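Trainee: fold the following for me, if possible:
(one chain, ligands or ions: 3)
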Amino acid sequence: MDGPTVRAGDSGSSSPADARPGPLSRTPFGVALWSTLLLGLPILGWCLLHLDLAAAKPEELWSLAILGALVVVGETRPLIASKTYGQSGVTPSTAFTFAILFTWGLVPAVVFHCAASLLSDLIEHKVWWKTLFNLGQYAISLSAAWLVLLAFGWQASLSGMHEISRGDLAPMAVAWIVYFLVNNGLVSLVVGLANAESFSEVFFEDFGYQVFTNVAVLSFSGIVTLVIDAGAAWIPLLLPPMIAIYATAGLALDREHQANHDSLTELPNRKLLVDQLAQTLVERVEGDLVGLFVLDLDRFKEVNDTLGHQTGDRLLQIVAQRLREAVRPEDTVARLGGDEFAVLLSAIRDEEAALEVARRIGVALAEPFNLDGMLLELEASVGVALAPIHGTDVEELLRCADIAMYIAKDERTGVETYAASRDRHSTNRLGLLGALRKGIDDGELELHYQPKVSLSTGAVTGVEALVRWRHPQRGLVFPDDFIPLAEHSGLMHRLTGYVIDTALAQAASWWSVGLQVPVAVNVSARDLHGTALAQTVAVGLARYDLPATALRLELTERVLMSESARVGDTLAALERLGVQLSLDDFGTGYSSLVLLQQMPVCEIKVDRSFVSRLSAGGDGAIVRSIIDLAHALGIEAVAEGVETEETWSRLEELGCDSAQGWYVSRPMPSIAATEWLLRHPSRRAALRVLRSSASPAGA
Ligand code: C2E
Ligand code: CA
Ligand code: CA
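Mentor: Numbering: from 1, shown residues only. Ligands and ions are numbered 1, 2, ... in the order given. Coordinates of the predicted model:
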């Protein structure tokens, strides 16, 4: 077997690829490479000149031809899958090459082995310098083994075949050892220099495995030599054990395939992509670019949730197939997980060419998907990163492509190339956005509930659902830190959908035990564009079998002010459903009375900033006029942020209808809120008593 062939920069290497010297450079790497070529290639040339096949006897030529064929088969069909050597791994060809060496000497051994190596490297599209290095490396290693044999007085040539005898075993063994040392030594030297790793690090990496396979293959060469000695007719006996070994190795390869591929789409998985990216970066030719695309399907989750996993799976398979068809066969398409894919372009001319491919991918995915006669449309966001422009190592490129993808998603542009200038502003944000996207899917969002009570009777008049994000590292994140982010991305609909569904589920469980309080959900401007919100609400109410009065939607004044025409349709649809609206943060915007009159609003929430001034000794003129305004329009007034008894009393005097705030209760997680509601008596007197005993929770 031939031990490792050069695969500089395997995934194990931690060195940045830019430390890699070019093969033509005058660095130690270049010198080692060129020395190998300058020594090895002349040996190969000399062997070619002295390949006098006519000198061999006809029946020996048969044996030689069969062995030569086996060398080629062995070299082009790697037998043993290896963690370190990858696909170019350990080949059994060396067993036959050594048999040729022992029997007919150096010349045919070098010629056959180099021919096989050349063929296999061409099939694998190896870089030119690696292909040449492999030829030089084999010529040198085999010559070293041959010198050992010569030193023992070994005689073998095409004209005079060596006849094996008992005393030959010692020189053969020494030749094997020398071959192993020289061959692995040369490869370790060049790989080490290319990756800035020490020689011994590379040489002894996986050493036990190397020795094991070398012993297996080289000792097999002894058996092959004996068989040749016995005559060509015996050679077929070698085939059954060979086939058995191939079959077993096939199983191992299958297992390796499974570990490196996604079972649903059969595409390479993230692990294999990372390996291939690392290797591509090392093999990159000066002047060429390596392109990495990360792509995310924009509406996949909806499909999965509404049409089921089976349909989702089918869709992913079709996506995989379209991606494969959109790129060249030598490019890699991988599935990173979920609805995220990646494409690796090993050699592209310039950025424009990369964008061209990215757009082609976009077009391929924009075509509607036909699933059982149902036409589905998806959008994809593609982020493009290019080496060496945006980065030179695997992690950096993946990060850049990821960021570009989020920008594409965020700005709905379809395709974006990484740009450092935007990164500085957006890395944090986009990182958080990505985490939020995942957080919503993984159920990291939870709702806390804050009650609202009547100032006159103390009865609970409603509960407001307030979202929180239980971030695995950051802990509990409050809405002000992520709602604005979601609003400026495509995530808001998803988030609101989740909140409405969760709030309705909670309402249903309260209503079923007689706690018939309306649950209020906050919606933002984004939610009012399009028909999704009304639809979500209608579907949710039906699903949980709740009347429209069980839900209330809170929107801010600003929402009504902006784009009222577009928002109007949604509000009208909600009104038809019978869902009541509440005007949040009232007083901070500038809504006109006309607008207020037109809108189907049943409640105004006086902003906390005005309410808090009540206890600071303010005269309450603003709060009073808001309350009066509300009553004049036949709308209820609710004070937000009531923190003290003093504020409570002032609001009572001013004729405010309801109050919400820490004085009554902090927002509470679901279970605590349920307990609170169950224990809360409607009477005001009782409320006062309870207020001091009810343990503040949540928020
Ligand atoms: P908001 O709608 O004005 O919600 C009331 C906020 O005031 C909540 O903050 C609540 O915890 C806090 N609060 C309640 N009582 C008191 C009090 O006595 N004193 C003080 N200082 N604060 C009090 P939170 O939960 O951090 O929410 C902040 C904002 O985030 C909300 O303001 C709302 O606009 C938004 N938000 C919360 N949940 C959602 C949601 O599910 N969807 C959307 N679109 N927005 C949400
Ligand atoms: Ca609110
Ligand atoms: Ca508010």
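Trainee: and the pLDDT at the closest residue to Gly497 other than its chain neighbours?
Mentor: Nearest residue to Gly497, sequence neighbours excluded (CB to CB, 6 or more residues apart in numbering): Thr536, at 5.2 Å. (Glycine included, C-beta is placed from N, CA and C.) If you check Thr536, the pLDDT there is 94.
Trainee: ok, now which ones touch Thr536?
Mentor: Contacts for Thr536 (CB atoms under 8 Å, 6 or more residues apart in numbering) come out as 496-497, 500-501.
Trainee: contacting residues around stretch 360-377?
Mentor: So stretch 360-377 is contacted by 293, 295, 297, 299, 303, 307, 311, 314-315, 318-319, 322-323, 325-327, 343, 378-380, 382, 414-415 (CB under 8 Å, 6+ apart).
Trainee: which positions in that stretch come out as buried?
Mentor: For stretch 360-377, burial by neighbour count (16 or more other CB atoms under 10 Å) applies to 361-362, 364-365, 369, 371, 376.
Trainee: so Val182 touches Ile140, yeah?
Mentor: Yes: under the criterion of CB atoms under 8 Å, Val182 makes contact with Ile140 at 6.5 Å.
Trainee: thinking again about what came up before, mind checking how far the residue nearest to Gly497 is from Ala465?
Mentor: 14 Å (CB to CB, to the nearest Å).
Trainee: also Leu39?
Mentor: From Leu39 to Ala465 the distance is 77 Å (CB to CB).
Trainee: neighbour-wise, which of these two wins?
Mentor: Comparing Leu39 with Ala465 by other CB atoms under 10 Å, the one with more neighbours is Ala465, at 25 against 15.
Trainee: did I read that right, the more buried one in a strand?
Mentor: Yes: checked against DSSP: H, G, I helix; E, B strand; the rest coil, Ala465 lies within a strand.
Trainee: for it, name its beta-bridge partners.
Mentor: Tyr449, Val521 (DSSP bridges).
Trainee: shouldn't it be in contact with Val517?
Mentor: No: the criterion here is CB under 8 Å, and Ala465 misses it with Val517 at 11.3 Å.
Trainee: contact partners for the residue of the stretch 301-450 of the chain found nearest ligand 1?
Mentor: Relative to ligand 1, the nearest point of the stretch 301-450 of the chain is Gln450 (5.6 Å; CB to the nearest ligand atom). Contact partners of Gln450, counting by CB under 8 Å, 6+ apart, are 463-464, 466, 660, 665-668, 698-699.
Trainee: roughly how far apart are it and ligand 3?
Mentor: Distance from Gln450 to ligand 3, counting by CB to the ion, to the nearest Å: 11 Å.
Trainee: how close does that residue get to ligand 2?
Mentor: 9 Å.
Trainee: just the helices in the stretch 251-400 of the chain please.
Mentor: 270-283, 300-307, 309-326, 351-366, 394-410 (DSSP state H, counting those that start in this stretch).
Trainee: what does the second one rub up against?
Mentor: Outside helix 300-307, the residues that touch it by CB under 8 Å, 6+ apart are 311-312, 315-316, 338-339, 371, 374, 376, 378, 441, 494.
Trainee: low-confidence stretches in the stretch 351-500 of the chain?
Mentor: Low-confidence segments of the stretch 351-500 of the chain (pLDDT under 70): 421-430, 488-490.
Trainee: now it against ligand 3: closest residue?
Mentor: Closest to ligand 3 within the stretch 351-500 of the chain is Glu464: 8.6 Å, counting by CB to the ion.
Trainee: mind listing what's buried along the longest helix along the chain?
Mentor: Ranked by number of residues, the top helix in the chain under DSSP state H is helix 169-195. When burial is assessed from 16+ other CB under 10 Å, helix 169-195 yields the following buried residues: 171-172, 175-176, 178-180, 182-195.
Trainee: same deal with stretch 225-241?
Mentor: Counting neighbours by 16+ other CB under 10 Å, stretch 225-241 gives 225, 227-229, 232, 235, 238 as buried.
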